[in-house]
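Chemist: structure here, sequence nowhere to be found:
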Ligand SMILES: [Zn+2]
């Protein structure tokens, strides 16, 4: 994060030097704090997830505008008085409010779901430009009215891979043989795929992965991000991959289970 200037505060006995930071950021979630303030959690380009206080944002004439809305993209300037205290936003400059996405019901639900998912699964102050670009890609797809369900799934699978849980999709986890048309996923341990041999070794929670699903996964996880939207997705394939990624997220990010957001429940209702 670029430390752009130092703010000196002269008090009676000593001088505090406060570091200032400036970075591009997406708003994730926002909660009330004190009488008229908010704690807004941002996903910043330079430092990953960063929770910050915005003072006076709940007053009607606040100059911070839509910065508290999920996935508003802005340049923020903030200072931290001490490393262990929450930083305070001093200035924001909104680049894209993305309000056109939030205007539709499904757009609002998707943004709320992705924002709460990132808030739950990411550590604060851990930079990840891969996730930043993934967010940009999702917003472009949603803003240009592309296939929403597919856009969300690509986001979820790529996120899981970036977080270090990329599934092995080319060979059977048990015997190492190349995966063919008869491929299965065990939803109790949904991190790997199995070939035909798993039928003898495991007995429950097994889900068939079609060759179409395998090709989609391969494209989603291996192709450059901008090429991932091109792959067509059949209705049955969507259902399988939705089920698999849902189990994948719950398996690897158990917090999601205990902190299920209303948005996530609504996403499940819309895309069962
Ligand atoms: Zn096998």
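Modeler: Looks like it came in fine. No experiment lies behind these values; they were computed from the predicted model shown.
Chemist: just the strands in the chain please.
Modeler: Counting by DSSP state E, the chain has strands at residues 2-10, 15-33, 37-44, 48-54, 73-79, 87-96, 183-186, 193-194, 206-209.
Chemist: pick the most deeply packed of those.
Modeler: Highest mean neighbour count among these (mean count of other C-beta atoms under 10 Å): strand 193-194, with a mean of 24. Glycine gets a C-beta too; all of them are placed from N, C-alpha and C.
Chemist: elements contacting it?
Modeler: Counting by 3 or more C-beta pairs under 8 Å, 6 or more residues apart in numbering; DSSP states H and E, the packing neighbours recorded for strand 193-194 are strand 183-186.
Chemist: for the strand it packs on, name the packing helices and strands.
Modeler: By 3+ C-beta pairs under 8 Å, 6+ apart, strand 183-186 packs against strand 193-194, helix 198-201, strand 206-209.
Chemist: do that again at 6 Å, thanks
Modeler: Contacts defined by 3 or more C-beta pairs under 6 Å, 6 or more residues apart in numbering; DSSP states H and E place strand 183-186 against strand 193-194, strand 206-209.
Chemist: let me see the mean pLDDT of that strand.
Modeler: Mean per-residue pLDDT for strand 183-186: 82.
Chemist: same thing with stretch 261-272?
Modeler: The average pLDDT within stretch 261-272 is 88.
Chemist: in that stretch, what's buried?
Modeler: By 16 or more other C-beta atoms under 10 Å, the buried positions in stretch 261-272 come out as 261, 263, 264, 266, 267, 271.
Chemist: ok, now stretch 175-190?
Modeler: For stretch 175-190, the neighbour count (16+ other C-beta under 10 Å) marks 179, 183, 184, 185, 186, 187, 190 as buried.
Chemist: next, the contact list for the first one, please.
Modeler: Residues near residue 179 by C-beta atoms under 6 Å, 6 or more residues apart in numbering: 193, 195.
Chemist: could I get the pLDDT score of it?
Modeler: At residue 179, the predicted lDDT confidence score is 82.
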